[in-house]
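Trainee: Predicted coordinates and the sequence they were generated for:
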Amino acid sequence: MSSVIIESPARVNDGYAVDQHQGEGDIASTLMRAGEFVFRYGLAAIFLWIGLLKFTAYEAKNIEPLVANSPIWASAYQALGLQGLSNMIGVMEIAIGLLIVARFFAPKLAVIGGAGAIVTFLVTLSLMLSTPGVWEPGYGFPFPSALPGQFLAKDLVLLGVSMWITGEAWRASRPAVVRAR
């Protein structure tokens, strides 16, 4: 006699199944669920918060050394001006944050938001190559300055979080897999 197993893609994390044999009070499972929540909604909060700040003069001024020296942003900086470019980046960041939040009810939208986050952090990491002052004077590579070097280096972790939430949302957006045993 064969049995049918229905696997919900949302119950599989990082390529291995969530252990169904652990009790509800399992600390590891609780930490993983809490971590997943913080990954997703913490990243969304960062995008929404920083995106809103892009509409302020002080935040526009803070990104000026990054965008002015970037081959990716230099032409937009010249065409839109500093505040115009900051506003445009803010709109993109807010959209990414909202799309990530959509995972709760529309995982396919969260895939788009996660992909936007991946691109965002690849671009910000590329700024380490073009922004003056990334490496500590007198030391050079691999000694990043506090600002902007260490500020940009943390985006490596945020890139990993973005990749994880994109993969998880992608998996959750697919229909359940049915296999006969």
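Mentor: Thanks, I have it. In this text the structure is predicted, and so the values were computed from the model without any measurement. Numbering: from 1, shown residues only.

Trainee: nearest residue to residue 99 other than its sequence neighbours?
Mentor: Closest residue to residue 99 apart from its sequence neighbours, by C-beta to C-beta, 6 or more residues apart in numbering: residue 113 at 2.7 Å. For glycine as for every other residue, the C-beta is placed from the backbone atoms N, C-alpha and C.

Trainee: SS state for the residue minimising distance to the centre of the chain?
Mentor: Nearest residue to the geometric centre of the chain (C-alpha atoms, centre = their mean): residue 162, 3.4 Å. The three-state assignment at residue 162 reads helix, by DSSP: H, G, I helix; E, B strand; the rest coil.

Trainee: State the pLDDT value of it.
Mentor: pLDDT for residue 162: 98.

Trainee: which ones are touching it?
Mentor: 43, 114, 117-118, 120-121 (C-beta atoms under 8 Å, 6 or more residues apart in numbering).

Trainee: Specify the local secondary structure of the residue lying closest to it once chain neighbours are set aside.
Mentor: The shortest distance from residue 162 to any non-neighbouring residue, by C-beta to C-beta, 6+ apart, is to residue 117 (3.7 Å). State at residue 117, reduced to three classes by three-state DSSP: helix.

Trainee: Residue 117: neighbour count?
Mentor: Around residue 117 sit 26 other residues, with neighbours defined as other C-beta atoms under 10 Å.

Trainee: can you check residue 122 too?
Mentor: Burial measure for residue 122: 13 neighbouring residues, criterion other C-beta under 10 Å.

Trainee: got the contact list for the residue nearest to residue 162?
Mentor: Counting by C-beta under 8 Å, 6+ apart, residue 117 touches 43, 47, 96, 100, 158, 161-162, 165-166.
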